[in-house]
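Asks: Task: produce atomic coordinates for the following.
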Amino acid sequence: MNAEKVLREKQRELVADLARLKGEAREAGEVRDVTDQAAADEGSGEALEEVTLKSRTLEQVEDALKRVADGTYGKCVICGRAIPAARLEAIPWTPYCLEDQEKLDQAV
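Replies: Next comes the predicted model:
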């Protein structure tokens, strides 16, 4: 697996998705009648959640690209241990080994 290639592809996908969502939000702002406004209001909450999730993922992908560049990609940013290849294949932008990810999830 070429991590940088996978991360760059994901970065392009997320940038395109965010641009599309922002375009849809602008169009939704041009609502014409009450029925359209009701539908737009309902969809805006879901769209905001999607934008937030994609923005966070884009930040994580860009952080992973920085780790590729500085040679620390594939190592947990908390404990420094190698992140298993299967985990990196599933979530190439993850900065944590599974053990530290679980600790973080429990702390929330």
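Asks: Which element, helix or strand, includes the spatially most central residue of the chain?
Replies: In the chain, the residue lying closest to the centroid (C-alpha atoms, centre = their mean) is residue 57, at 1.2 Å. According to DSSP states H and E, residue 57 maps onto helix 34-70.
Asks: That helix: which residues count as buried?
Replies: 40, 47, 51, 54, 57, 58, 60, 61, 64, 65, 67, 68 (16 or more other C-beta atoms under 10 Å). No exception for glycine: its C-beta is placed from N, CA and C like everyone else's.
Asks: now for it, which elements pack on it?
Replies: helix 3-28 (3 or more C-beta pairs under 8 Å, 6 or more residues apart in numbering; DSSP states H and E).
Asks: Just the angle for the helix it packs on relative to helix 34-70, thanks.
Replies: 160 degrees (axes from the mean of the first three to the mean of the last three C-alpha atoms, to 10 degrees).
Asks: average pLDDT across helix 3-28?
Replies: Mean pLDDT, helix 3-28: 91.
Asks: For that helix, name the packing helices and strands.
Replies: Helix 3-28 packs on helix 34-70, going by 3+ C-beta pairs under 8 Å, 6+ apart.
Asks: quick revisit: moving C-terminal of the helix holding residue 57, what's the next helix or strand?
Replies: Taking DSSP H and E, what comes next after helix 34-70 is helix 85-90.
Asks: Residues contacting that following helix, please?
Replies: Contact with helix 85-90 is made by 1, 3, 74, 94, 97, 98, as judged by C-beta atoms under 8 Å, 6 or more residues apart in numbering.
Asks: The residues you listed into CSV, with extra columns for distance to residue 80 and neighbour count?
Replies: Formatted as CSV, the contacts of helix 85-90 follow (distance: C-beta to C-beta, whole Å; neighbours: other C-beta atoms under 10 Å):
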residue, distance to residue 80, neighbour count
1, 21, 9
3, 18, 17
74, 11, 18
94, 15, 18
97, 9, 20
98, 15, 13
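Asks: Nice, that's everything, thank you.
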